[in-house]
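Participant: Below are the sequence and a predicted model for it; my questions follow.
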Amino acid sequence: GECVCRCEEAIDLILTSKVLHVETQLQTDPDEFKSRTTVGIMINDTTIDHLVVGGPAYNSNVFKKGDVIVSVDGKDVDEKNVSARLIGDDQPGSMVTVTLAKGGPKGELVSVDLLRMATSEIQDRRKMFELF
C-alpha cells in the first residue's frame, strides 16, 4: 500500500533527478541494449572486463575478470564476432557454450554451458543493485 507508493516515488525521484552516477544512468537506459538476450558479461576484445551480478556468467562461478573467451558454441571467436556469437539466436532461455582461457590467453581451457537471459531482467537487477 502506502509503503510501495512511497518507494516508487523515491525511486522515480532518484532516477529523474540524476542522483545516480552518469555511468549508471547509461547502463540502465532501456535503449542501451541492442539485443533481447545476454549472458551478463562485458568484454574488451575477447577478454572479460566485468560480470553483471545476478547474470548467468556471474552465477556460474566460473567466469572471472581477465578470462579470455576462446570460442562460443564450438566456433573460434575474435573481437569482431564475439558479441554476435554470444547473442546467438537472441532467444531468452536458449543455451550457449562458452570456452574460456582462464586468467589470460594461455590459461587452462574451460567450457561452460549458460542459459541466455532477457536483457530486461539484467537491467532490472542492475538497477536494484545500484539503487540499494
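Facilitator: Received, thanks.
Participant: so after the worst-scoring helix or strand of the chain on mean pLDDT, what's the next helix or strand?
Facilitator: Counting by mean pLDDT, DSSP states H and E, the weakest-scoring helix or strand in the chain turns out to be helix 22-27, with a mean of 36. Once helix 22-27 ends, the next helix or strand along the chain (criterion: DSSP states H and E) is strand 37-38.
Participant: Low-confidence regions, the chain specifically.
Facilitator: The chain contains residues with pLDDT under 70 at 1-7, 9-35, 122-132.
Participant: show me where it has helices.
Facilitator: In the chain, the helices defined using DSSP state H lie at 2-16, 22-27, 56-60, 82-87, 119-131.
Participant: OK, contacts around the nearest residue to Val110 once chain neighbours are set aside?
Facilitator: Leaving aside its sequence neighbours, Val110 sits nearest to Leu100 (Cβ to Cβ, 6 or more residues apart in numbering; 5.2 Å). C-beta: built from backbone N, CA, C; applies to glycine. With contact taken as Cβ atoms under 8 Å, 6 or more residues apart in numbering, Leu100 is in contact with 48, 62-63, 67-70, 107, 109-112.
Participant: how far away is Leu100 from Ser120?
Facilitator: Plainly put, Leu100 is 26 Å away from Ser120 if you go by Cβ to Cβ, to the nearest Å.
Participant: All set now, cheers.
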